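K.L.:
Okay, here's the prediction I keep looking at, along with the sequence it came from:
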Amino acid sequence: MNALINADLFRAVYVAVSKEETRYYLQGVYIEPHPVKGVLLTATDGSRLLNAWDEHGSVDAPMIVRLTPDLLKACKQRTVAHRAHVSRLVHIVDGTARIVDADMTAVALGVNDCRVDGAFPKWRNVLPRIDANTPCSPAGFIFNPKLIGDMATVCEALGAATGGPIIATSLYGADAISPVLVHFGKCAIAFGVVMPLQAPMLTDLHALPAYMDANRAQDAIAA
(Lines give C-alpha, C1' and ligand atoms only; values in the text may rest on other atoms or scores of the structure.)
Protein backbone atom coordinates (compact mmCIF):
# COMPACT_ATOMS: atom_id res chain seq x y z
CA MET A 1 0.00 0.00 0.00
CA ASN A 2 1.58 3.23 -1.20
CA ALA A 3 0.84 6.94 -0.82
CA LEU A 4 2.45 10.32 -1.44
CA ILE A 5 1.02 13.19 0.63
CA ASN A 6 1.75 16.87 1.24
CA ALA A 7 3.46 16.83 4.65
CA ASP A 8 2.12 20.23 5.74
CA LEU A 9 -1.47 19.16 5.08
CA PHE A 10 -0.81 15.87 6.84
CA ARG A 11 0.51 17.57 10.00
CA ALA A 12 -2.37 20.06 9.93
CA VAL A 13 -4.93 17.26 10.00
CA TYR A 14 -2.87 15.25 12.51
CA VAL A 15 -3.80 17.81 15.19
CA ALA A 16 -7.18 16.05 15.55
CA VAL A 17 -5.76 12.52 15.98
CA SER A 18 -7.01 10.80 19.14
CA LYS A 19 -4.67 10.14 22.07
CA GLU A 20 -6.91 7.46 23.61
CA GLU A 21 -5.36 3.99 23.51
CA THR A 22 -8.75 2.30 23.43
CA ARG A 23 -9.70 4.18 20.27
CA TYR A 24 -6.72 2.97 18.29
CA TYR A 25 -8.55 3.32 14.99
CA LEU A 26 -8.62 7.10 15.57
CA GLN A 27 -4.88 7.33 16.29
CA GLY A 28 -3.94 8.18 12.73
CA VAL A 29 -4.94 10.14 9.63
CA TYR A 30 -7.36 8.44 7.28
CA ILE A 31 -6.11 8.76 3.71
CA GLU A 32 -8.54 8.01 0.89
CA PRO A 33 -8.73 8.80 -2.82
CA HIS A 34 -10.68 11.93 -3.72
CA PRO A 35 -13.47 11.02 -6.20
CA VAL A 36 -12.04 13.45 -8.79
CA LYS A 37 -8.34 14.00 -8.10
CA GLY A 38 -5.81 13.63 -5.30
CA VAL A 39 -6.60 12.46 -1.78
CA LEU A 40 -8.65 13.41 1.26
CA LEU A 41 -7.00 13.47 4.68
CA THR A 42 -9.23 13.14 7.75
CA ALA A 43 -8.62 12.83 11.48
CA THR A 44 -10.93 13.00 14.48
CA ASP A 45 -10.82 12.39 18.21
CA GLY A 46 -14.58 12.51 18.68
CA SER A 47 -14.61 16.15 19.84
CA ARG A 48 -13.24 17.66 16.66
CA LEU A 49 -12.55 16.67 13.07
CA LEU A 50 -10.11 18.05 10.51
CA ASN A 51 -10.18 17.39 6.79
CA ALA A 52 -7.92 18.54 3.95
CA TRP A 53 -7.73 17.94 0.23
CA ASP A 54 -4.32 17.26 -1.26
CA GLU A 55 -4.99 17.81 -4.95
CA HIS A 56 -1.61 16.42 -5.95
CA GLY A 57 -1.51 13.54 -3.48
CA SER A 58 -1.92 9.88 -4.31
CA VAL A 59 -2.92 6.69 -2.51
CA ASP A 60 -3.64 3.30 -3.98
CA ALA A 61 -6.10 2.22 -1.27
CA PRO A 62 -7.67 3.83 1.82
CA MET A 63 -5.49 3.55 4.93
CA ILE A 64 -5.10 4.95 8.45
CA VAL A 65 -1.57 6.30 8.99
CA ARG A 66 0.15 7.08 12.27
CA LEU A 67 3.59 8.71 12.39
CA THR A 68 6.20 8.74 15.14
CA PRO A 69 6.99 12.10 16.80
CA ASP A 70 10.29 12.27 14.89
CA LEU A 71 8.57 11.81 11.55
CA LEU A 72 5.92 14.38 12.43
CA LYS A 73 8.64 16.85 13.37
CA ALA A 74 10.37 16.22 10.05
CA CYS A 75 7.15 17.06 8.17
CA LYS A 76 7.78 20.72 8.85
CA GLN A 77 10.12 22.24 6.29
CA ARG A 78 12.45 24.99 7.38
CA THR A 79 11.84 27.95 5.09
CA VAL A 80 14.92 29.08 3.23
CA ALA A 81 15.08 32.88 3.05
CA HIS A 82 16.03 33.10 -0.62
CA ARG A 83 13.32 30.81 -1.98
CA ALA A 84 9.63 30.14 -1.64
CA HIS A 85 8.46 27.50 0.80
CA VAL A 86 8.05 24.03 -0.71
CA SER A 87 6.25 21.44 1.37
CA ARG A 88 7.88 18.16 2.18
CA LEU A 89 6.06 14.92 1.41
CA VAL A 90 4.96 11.91 3.40
CA HIS A 91 5.97 8.94 1.27
CA ILE A 92 4.50 5.56 2.21
CA VAL A 93 5.83 2.45 0.52
CA ASP A 94 4.49 -0.98 1.50
CA GLY A 95 3.23 0.51 4.75
CA THR A 96 6.49 2.12 5.85
CA ALA A 97 6.60 5.91 5.95
CA ARG A 98 9.43 8.30 5.27
CA ILE A 99 9.56 12.07 4.95
CA VAL A 100 11.11 13.38 1.74
CA ASP A 101 11.84 16.75 0.16
CA ALA A 102 10.15 17.74 -3.08
CA ASP A 103 12.96 16.08 -5.06
CA MET A 104 12.24 12.81 -3.16
CA THR A 105 15.44 13.06 -1.12
CA ALA A 106 14.79 11.32 2.20
CA VAL A 107 14.77 13.52 5.30
CA ALA A 108 13.57 10.99 7.90
CA LEU A 109 12.89 7.27 7.70
CA GLY A 110 10.30 5.17 9.50
CA VAL A 111 11.25 1.79 10.90
CA ASN A 112 7.83 0.26 11.55
CA ASP A 113 4.59 -0.25 9.70
CA CYS A 114 2.79 3.09 9.95
CA ARG A 115 -0.65 1.71 9.18
CA VAL A 116 -3.32 1.41 11.86
CA ASP A 117 -5.60 -1.61 11.66
CA GLY A 118 -9.29 -1.09 12.08
CA ALA A 119 -12.16 0.68 10.37
CA PHE A 120 -12.20 4.46 10.33
CA PRO A 121 -15.66 5.84 11.20
CA LYS A 122 -18.00 7.24 8.57
CA TRP A 123 -16.79 10.78 9.14
CA ARG A 124 -19.13 12.40 6.64
CA ASN A 125 -22.07 11.52 8.89
CA VAL A 126 -20.98 14.07 11.52
CA LEU A 127 -20.57 17.03 9.18
CA PRO A 128 -22.79 20.01 10.07
CA ARG A 129 -25.96 20.48 8.07
CA ILE A 130 -25.76 24.20 7.43
CA ASP A 131 -26.53 26.64 4.64
CA ALA A 132 -26.00 30.29 3.74
CA ASN A 133 -28.56 31.38 6.35
CA THR A 134 -26.76 29.74 9.27
CA PRO A 135 -25.46 32.37 11.71
CA CYS A 136 -21.75 32.86 12.33
CA SER A 137 -20.58 32.22 15.90
CA PRO A 138 -24.00 32.57 17.55
CA ALA A 139 -23.99 33.42 21.25
CA GLY A 140 -24.31 30.36 23.46
CA PHE A 141 -21.55 28.19 22.05
CA ILE A 142 -19.28 26.74 24.73
CA PHE A 143 -16.03 25.11 23.60
CA ASN A 144 -13.16 23.29 25.21
CA PRO A 145 -10.44 26.00 24.96
CA LYS A 146 -7.78 23.36 24.19
CA LEU A 147 -9.61 22.41 20.99
CA ILE A 148 -9.88 26.02 19.88
CA GLY A 149 -6.27 26.79 20.81
CA ASP A 150 -5.02 23.92 18.67
CA MET A 151 -6.54 25.61 15.62
CA ALA A 152 -3.55 27.98 15.65
CA THR A 153 -1.34 24.98 14.87
CA VAL A 154 -3.68 24.02 12.06
CA CYS A 155 -3.53 27.54 10.60
CA GLU A 156 0.27 27.54 10.68
CA ALA A 157 0.48 24.21 8.84
CA LEU A 158 -2.17 25.17 6.28
CA GLY A 159 -0.39 28.46 5.67
CA ALA A 160 2.81 26.55 4.97
CA ALA A 161 0.97 24.25 2.59
CA THR A 162 -0.70 27.06 0.66
CA GLY A 163 2.19 29.51 0.69
CA GLY A 164 0.40 32.29 2.57
CA PRO A 165 -0.45 33.14 6.17
CA ILE A 166 -3.84 32.21 7.61
CA ILE A 167 -4.73 34.70 10.28
CA ALA A 168 -8.41 34.05 10.94
CA THR A 169 -10.90 31.27 11.55
CA SER A 170 -14.68 31.40 11.35
CA LEU A 171 -17.22 29.25 13.20
CA TYR A 172 -20.64 28.42 11.77
CA GLY A 173 -23.36 26.46 13.51
CA ALA A 174 -27.11 26.06 13.55
CA ASP A 175 -27.47 25.97 17.34
CA ALA A 176 -25.43 25.69 20.53
CA ILE A 177 -25.39 21.87 20.70
CA SER A 178 -24.80 20.81 17.09
CA PRO A 179 -21.45 20.28 15.30
CA VAL A 180 -19.85 23.59 14.33
CA LEU A 181 -18.08 24.12 10.99
CA VAL A 182 -14.64 25.75 11.13
CA HIS A 183 -13.22 27.66 8.16
CA PHE A 184 -9.55 28.67 8.03
CA GLY A 185 -9.47 32.11 6.46
CA LYS A 186 -9.69 31.87 2.69
CA CYS A 187 -8.10 28.41 2.61
CA ALA A 188 -10.30 26.39 0.26
CA ILE A 189 -8.64 22.98 0.75
CA ALA A 190 -9.39 22.28 4.41
CA PHE A 191 -12.07 22.61 7.06
CA GLY A 192 -12.72 21.55 10.62
CA VAL A 193 -15.63 20.48 12.79
CA VAL A 194 -15.78 21.13 16.53
CA MET A 195 -18.37 19.82 18.97
CA PRO A 196 -19.60 22.34 21.57
CA LEU A 197 -19.54 21.24 25.19
CA GLN A 198 -22.85 19.94 26.45
CA ALA A 199 -22.77 22.25 29.47
CA PRO A 200 -25.15 24.77 31.05
CA MET A 201 -24.53 28.43 30.49
CA LEU A 202 -22.23 29.65 33.26
CA THR A 203 -22.62 33.34 32.59
CA ASP A 204 -24.57 35.85 30.58
CA LEU A 205 -22.76 35.92 27.25
CA HIS A 206 -24.55 39.12 26.25
CA ALA A 207 -23.07 41.25 29.00
CA LEU A 208 -19.77 42.16 30.59
CA PRO A 209 -18.94 40.37 33.87
CA ALA A 210 -20.71 41.70 36.95
CA TYR A 211 -17.59 43.21 38.46
CA MET A 212 -17.53 45.82 35.69
CA ASP A 213 -20.70 47.39 37.11
CA ALA A 214 -20.48 48.85 40.62
CA ASN A 215 -24.04 47.96 41.62
CA ARG A 216 -23.83 44.37 40.37
CA ALA A 217 -20.41 43.98 41.96
CA GLN A 218 -21.85 45.13 45.31
CA ASP A 219 -24.70 42.65 44.96
CA ALA A 220 -22.23 39.84 44.21
CA ILE A 221 -20.16 40.74 47.31
CA ALA A 222 -23.26 40.87 49.48
CA ALA A 223 -24.36 37.47 48.25
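P.N.:
That came in fine, so what should we check first? Numbering: from 1, shown residues only.
K.L.:
now the helices for this protein?
P.N.:
Remark: helices assigned in the chain by DSSP state H are 7-14, 69-74, 145-149, 151-162, 214-222.
K.L.:
For the second one, name the packing helices and strands.
P.N.:
Helix 69-74 makes packing contacts with helix 7-14, strand 96-100, strand 106-113 when contacts are defined by 3 or more C-beta pairs under 8 Å, 6 or more residues apart in numbering; DSSP states H and E. Just so you know, the C-beta spots here come from the backbone N, C-alpha and C atoms, and that holds for glycine as well.
K.L.:
What angle do strand 106-113 and the second one make with each other?
P.N.:
Read that as strand 96-100. The directions of strand 96-100 and strand 106-113 differ by 170 degrees, with axes from the mean of the first three to the mean of the last three C-alpha atoms, to 10 degrees as the criterion.
K.L.:
Any idea which of the helices of the chain gets closest to T44?
P.N.:
Taking C-beta to C-beta as the criterion, T44 comes closest to helix 7-14 out of those, the separation being 9.5 Å.
K.L.:
So which residues make contact with that closest one?
P.N.:
The list of residues contacting helix 7-14 from outside it, by C-beta atoms under 8 Å, 6 or more residues apart in numbering, reads 29, 41-43, 50-52, 54, 57, 67, 72, 74-77, 87-90, 99, 153-154, 157-158, 160-161, 189-190.
K.L.:
low pLDDT regions in the protein?
P.N.:
Across the chain, residues meeting the criterion (pLDDT under 70) sit at 79-85, 130-141, 174, 176, 198-210, 216-217, 220-223.
K.L.:
Now do the same contact list for H56.
P.N.:
Remark: with contacts taken as C-beta under 8 Å, 6+ apart, H56 is in contact with 6, 38.
K.L.:
Now do the strands in this structure.
P.N.:
Taking DSSP state E as the test, the strands found in the chain are 3-6, 29-33, 39-44, 48-54, 58-59, 63-65, 89-93, 96-100, 106-113, 169-172, 180-184, 190-194.
K.L.:
quick revisit: now the contacts of helix 7-14: which count as buried?
P.N.:
By neighbour count, with 16 or more other C-beta atoms under 10 Å, the contacts of helix 7-14 hold 29, 41-43, 50-52, 54, 57, 67, 72, 74-77, 87-90, 99, 154, 157-158, 160-161, 189-190 as buried.
K.L.:
Next, I189: phi, psi?
P.N.:
phi -120, psi 20 (degrees, to the nearest 10).
K.L.:
Now it: closest residue in space that isn't a chain neighbour?
P.N.:
Nearest in space to I189, with sequence neighbours left out and distances taken as C-beta to C-beta, 6 or more residues apart in numbering, is W53 at 4.7 Å.
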